[in-house]
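Peer 1: how would this look folded up:
(2 chains)
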Amino acid sequence: MSGFPILSLMIFLPLVAGIVCLFASSEQARVIALGATLLDLALGLLLWNQYDIGGAQWQFTEKLPLFAGFSWALGIDGIALMLLMLSVFLMPICIGASWISIDKRVGEYMAAFLLMEALMIGVFAAQDLFLFYIFFEAGLIPMYLIIGVWGGADRIYASYKFFLYTLFGSVLMLIAMLWMVNEAGTTDIPTLMAYDFAPEAQTWLWLAFFASFAVKMPMWPVHTWLPDAHVQAPTAGSVILAGVLLKMGGYGFIRFSLPMFPEASAQFAWLVFGLSMAAVIITSLIALVQHDMKKLIAYSSVAHMAIVTIGLFAFNVQGLEGAMIVMLSHGLVSGALFLAVGVIYDRLHTREIARYGGLAINMPYYALFFMLFTMASIGLPGTSGFVGEFLSLGGIYQVSSWVALVCTTGIILGAAYMLYLYRRVIFGVQTNADAAAMPDLDLREWLMMVPLAAAVLWMGLYPESFLAPMRQDIAALDARLARAKPEGDAKVTAGKPAEKKSEHHEPAAAPEGAH
Amino acid sequence: MDWTQSLTLVAPEELLSVAGLILLLCAAWRGDKASRPISWLAVAVLVVASAMVAPALCGGASGQASEAFFGQFRADAFASYAKLLIFASAIAALVVAPAYFERVRAMRAEYPVLVLFASLGMAIMVSASNLMTLYIGLEMNSLAAYVLAAFLRGDERSAEAGLKYFVLGALASGILLFGMSLVYGFTGTTSYAGIATALTGDLATGATFGIVFMLAGLAFKISAVPFHMWTPDVYQGAPTPVTAFFASAPKVAALAVTMRVALEAFGQQIPAWQPIVIFAALASIVVGALGAIGQQNIKRLLAYSSINNVGFMLIGLAAATPAGAAAMLVYLAIYVAMTVGSFVVVLMLKDQDGNPVEAIGDLAGLSSERKVLAACFAMLMFSLAGIPPLFGFWGKFVVFQSAVQAGLIPLAAIGIAASVIGAFYYLKVVKIMYFDEPVGKALGKSDWMHQAILALCVLAISPLGYLATKCLGHYAQLAATALFGGA
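Peer 2: Alright, predicted model coming up:
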């Protein structure tokens, strides 16, 4: 790889732009923010382009021993690359979503968003345990301000809840990290990922990390901050919260909990399964009875994240790949859905479902996009949601048929609440005159919707583009987990030896990574 | 041990006392109109004194070579580190004072002189390696401090603060003296080294009492729970520049003394005092956090915040390791920057007529009226709460790291979980400044000296502070090594 510090540049570019925004006028701040995020997206595309699939596990590495006790170490593998791409892809759209709806303190708002972007990139690129923690925690500050300053009516309660919940989860993780570093004598994440902690210690460490990631994810029953935060945050805040911040929990599991504590992960898999099953069913049922569109989508996020966790803890390649794709897909789809809600919220300033109806008549294009994202959220074949959910559930089926059964029920419930939402908002009679008078999408909204729709379809039709960079890393993780793998209850016996026997046993065997 | 060497070692203290006396004469001769020049001279004296103590830190002075007056006084790297912090706080307290006092026509030439004498007392405290020296330094500092607390003679609250500080301070000194006499009775010596030698093996009941009483007396001085009650009242009543001084310099001095007494004099009896320190640490964290929640006055809130922070620092002491001591010293340096910065913000909060604004509710919407000030205060609050990437996080980080290394994992886990309670009230301040509707109270212009000090403090606690971690850690390590008797 070239010695050019592209990851550092990607972190510092939005940071500098954010500081400039603080001193700029509203108009200038918008343009600067959009420019900076687009430039970061371009850098991200360059990164993806330069990423050597099947090459070294850690690429674009940088290391500067700047601080006492930890260092400025960056580097990405395929998993981090994909999540990083998701962040830089969603950011310009977020800025676009706030173009008109945010009219007070624009400079500060844009600065908060750009700071957020820098920190998110930092989280996914950090290769030092404490550097990761600093980025991970620091994200609380801009998000707290975004919800609190520019949020809805109940924003203050929501911002407190968001901050204190996530802080409480994270501080316990810090103690675990301190212990690990003391034990292993290094803060280097790749080294720690290969370090074998004693199984008894793993139990405690796993629980401490779980406290943090489960809140961030969020898993039932510590998810209650999410609906509040989502509903109160401005549209772009919801997009980034659902699109990227929730992924930090999943990323934490796949980067820390699983490879660093395989035995403990196996030991607690039942806990994760239990919570995930509860989440899928309970939050889906809650989503069914919501009157507030954002709240409905927020609950659906919790349900989708549960599909991620069962995929992660299935301990096989299918489950892990599925979990990653669900995360990416959910980032796009829930982001798009929040955006779609934002579009009509900007027009009518209400999120009450009952205040809309029959929008297909006056907003046909909007209805079309909304339809696509609804279907993707349900997991219709051809959209990104299907690929992820299918792989994830396929993975869990090898471990436990019951979990697979319950979670698949959740998918059906998901279809129920999403279609019900769609019917009430888009179809039916136009009972509300003001809703019937709303204009269709304007150019700015088209520009935000089209890339999202394209990405959703691309991921649904040709997921290989997204799976290829991750394949090698997931195979490595699977190999690391092999020793702790729980025995499946399905006891699937192979059928008659077929021609392509090898594919059934090791779907992620080495040669596949090559193409 | 020759006198020349001893006198050289105490040169910074000599400078302070001689300069203090001369400036006192100037004050007597020239009257209050000379208060500004005298302040500047006092600052210059402190700067020179800092320059004089710095070599001991850089050279890592420790052991025999740093002892003066037959082991009564020790000018080692540890004392030097503490003195630098004390002098820096004193300089800040001097620089911010004129603008505040002149408005109420209460600027007197005695103020800089008193600050100098208080600093001298603290310098003696942190260098003391004998109970007698310790007590002389402590009282020297306290007497100056009582007067400072009551400096606004016309203001009832200031007088009340002075009286409370005096009565409770005298009580604390009494408890401390009682402990010292017990320790002396059971060891037959007042020198730290002698006490450490005598207190080995099983501890006599009387000696245990002595240790407990001494720690209780010191806990008063560092305002650790359960001896913290005076703090909010004194902090609220004392004039704000004085409060800034109280919250920083004497904290450093008292904590440094506590460290030296606990780790040096009682270094052989760690199991005897460790539970006490652990209790005080956790109680301070929790009480400091819970007590702050209901406060309406920003100075009282910061008083509880300082109680809370002392709790975190005591976790480093509970570890009883060189790493723990170094962590405390790092935390102290960051704490001084955060505290001075916060109180300077309080000084800058004035209404249009220049009257101080101290009610937290009056800060509502500050972010839209005074953007930069609000942003600085928000950064200080997040930093005090220990949220990364602000530098306050680093202090908590190193302290908890040392606790984990020393095997005190439950203590670290409980302490850090309790820090979330503390985060709540810091967030509340940010919420009031950023989320609430403006009330248009704190609109007054601020003095450029205040702005300069605030800018320095905010720069120090900004993420840029992390670039200083290596250097800070290095010096803290040198100081801690000196405390544990040299490499």
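Peer 1: which stretches of the chain aren't confidently modelled?
Peer 2: This is for chain A. Residues of chain A that meet the criterion pLDDT under 70 lie in A:1-2, A:490-494, A:497-515.
Peer 1: not quite, I wanted chain B
Peer 2: For chain B, the stretches flagged by pLDDT under 70 are B:1, B:486-487.
Peer 1: where does it come near chain A, residue by residue?
Peer 2: Within chain B, the residues that sit near chain A (CB under 8 Å from any CB of the partner chain) are B:368, B:382, B:387-389, B:393, B:397-398, B:400-401, B:404-405, B:409, B:412-413, B:416-417, B:419-420, B:423-424, B:427, B:430-431, B:434-435, B:466-467, B:469-470, B:472-474. Yep, even glycine has a C-beta here, placed from its N, CA and C like the rest.
Peer 1: Name the next helix or strand downstream of the lengthiest helix in chain A, please.
Peer 2: When chain A is parsed with DSSP state H, its longest helix is helix A:317-348. Note on helix A:317-348: by DSSP states H and E, the next helix or strand toward the C-terminus is helix A:359-362.
Peer 1: Near A:F390, how many other residues are there?
Peer 2: Neighbourhood size, A:F390 [other CB atoms under 10 Å in any protein chain shown]: 17.
Peer 1: one step back: can you tell me which of the residues of chain B next to chain A end up in helices?
Peer 2: B:368, B:382, B:393, B:397-398, B:400-401, B:404-405, B:409, B:412-413, B:416-417, B:419-420, B:423-424, B:427, B:430-431, B:434, B:469-470, B:472-474.
Peer 1: Buried residues, stretch A:331-350. List them.
Peer 2: Within stretch A:331-350, the residues that count as buried by 16 or more other CB atoms under 10 Å in any protein chain shown are A:331-345, A:347, A:350.
Peer 1: Return it as PDB; C-alpha atoms alone will do.
Peer 2: Extracted in PDB, the C-alpha atoms of stretch A:331-350 (Å, rounded to 0.1, in the frame of the first residue of the first chain):
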ATOM      1  CA  GLY A 331     -28.000   1.300   7.400                       C
ATOM      2  CA  LEU A 332     -29.300   2.200   3.900                       C
ATOM      3  CA  VAL A 333     -32.900   1.200   4.300                       C
ATOM      4  CA  SER A 334     -33.700   2.600   7.700                       C
ATOM      5  CA  GLY A 335     -31.800   5.700   6.700                       C
ATOM      6  CA  ALA A 336     -33.900   6.000   3.600                       C
ATOM      7  CA  LEU A 337     -37.100   5.400   5.600                       C
ATOM      8  CA  PHE A 338     -36.300   8.100   8.100                       C
ATOM      9  CA  LEU A 339     -35.500  10.300   5.100                       C
ATOM     10  CA  ALA A 340     -38.900   9.400   3.600                       C
ATOM     11  CA  VAL A 341     -40.600  10.400   6.800                       C
ATOM     12  CA  GLY A 342     -38.500  13.600   6.900                       C
ATOM     13  CA  VAL A 343     -39.800  14.500   3.400                       C
ATOM     14  CA  ILE A 344     -43.400  14.500   4.400                       C
ATOM     15  CA  TYR A 345     -42.600  15.900   7.900                       C
ATOM     16  CA  ASP A 346     -41.000  18.900   6.200                       C
ATOM     17  CA  ARG A 347     -44.300  19.500   4.400                       C
ATOM     18  CA  LEU A 348     -46.800  18.900   7.200                       C
ATOM     19  CA  HIS A 349     -44.800  19.000  10.400                       C
ATOM     20  CA  THR A 350     -46.300  16.000  11.900                       C
END
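Peer 1: Contacts only, for the residue in chain B sticking out farthest from the centre.
Peer 2: Within chain B, B:E437 marks the point farthest from the mean C-alpha position, 35.3 Å out by CA atoms, centre = their mean. Taking CB atoms under 8 Å, 6 or more residues apart in numbering or on different chains, we find B:E437 in contact with B:364-365.
Peer 1: That one falls within a strand, correct?
Peer 2: No: read with DSSP: H, G, I helix; E, B strand; the rest coil, B:E437 is coil and lies in no strand.
Peer 1: Distance check, it against chain A.
Peer 2: 12 Å (CB to the nearest CB, to the nearest Å).
Peer 1: Which phi and psi values does that residue adopt?
Peer 2: Dihedral pair for B:E437: phi -70, psi 140, per degrees, to the nearest 10.
Peer 1: One more: A:Y356?
Peer 2: Torsion angles at A:Y356 (phi, psi; degrees, to the nearest 10) stand at phi -110, psi -170.
Peer 1: Mind listing what's buried along stretch A:414-432?
Peer 2: Buried, per 16+ other CB under 10 Å, within stretch A:414-432: A:414-415, A:417-418, A:420-422, A:424-426, A:432.
Peer 1: what's the distance between it and the middle of its chain?
Peer 2: 26 Å (CA atoms, centre = their mean, to the nearest Å).
Peer 1: Now do that stretch: everything it contacts.
Peer 2: Contacts of stretch A:414-432 (CB under 8 Å, 6+ apart): A:284, A:287-288, A:290, A:293, A:296, A:300, A:303-304, A:344, A:353-362, A:367, A:370-371, A:374, A:377-379, A:436.
Peer 1: how about the residue sitting nearest the centre point of chain B, secondary structure?
Peer 2: Centroid-nearest residue in chain B, with CA atoms, centre = their mean: B:K251, separated by 2.3 Å. In three-state terms, and counting by three-state DSSP, B:K251 is helix.
Peer 1: what's the closest non-adjacent residue to it?
Peer 2: Once flanking residues are discounted, B:K251 sits nearest to B:I222: 6.3 Å by CB to CB, 6 or more residues apart in numbering or on different chains.
Peer 1: go on, B:S66?
Peer 2: Using CB to CB, 6+ apart, the closest residue to B:S66 is B:D76 (4.1 Å).
Peer 1: what's the burial count for the one you found?
Peer 2: 29.
Peer 1: Touching, it and B:F484? I think so.
Peer 2: No: counting by CB atoms under 8 Å, B:D76 stays clear of B:F484, with 10.7 Å between them.
Peer 1: Spit out the contact partners of the residue of the stretch 201-350 of chain B found nearest chain A.
Peer 2: Using CB to the nearest CB, B:V330 is the residue of the stretch 201-350 of chain B that sits closest to chain A, at 8.9 Å. With contact set as CB under 8 Å, 6+ apart, B:V330 has these partners: B:394-395, B:398, B:472-473, B:476.
Peer 1: what helix or strand does it sit in?
Peer 2: Take DSSP H and E as the rule and B:V330 turns out to sit in helix B:322-348.
Peer 1: so how far is the strand or helix carrying B:G288 off the chain centroid?
Peer 2: Using DSSP H and E, B:G288 sits within helix B:270-293. Relative to the centre of its chain, helix B:270-293 is centred 17 Å away, using CA atoms, centre = their mean.
Peer 1: which is the next helix or strand following the top helix by length along chain B?
Peer 2: Ordering each helix of chain B by length in residues (DSSP H) puts helix B:156-187 first. Of the helices and strands lying after helix B:156-187 in sequence (DSSP H and E), the nearest is helix B:192-198.
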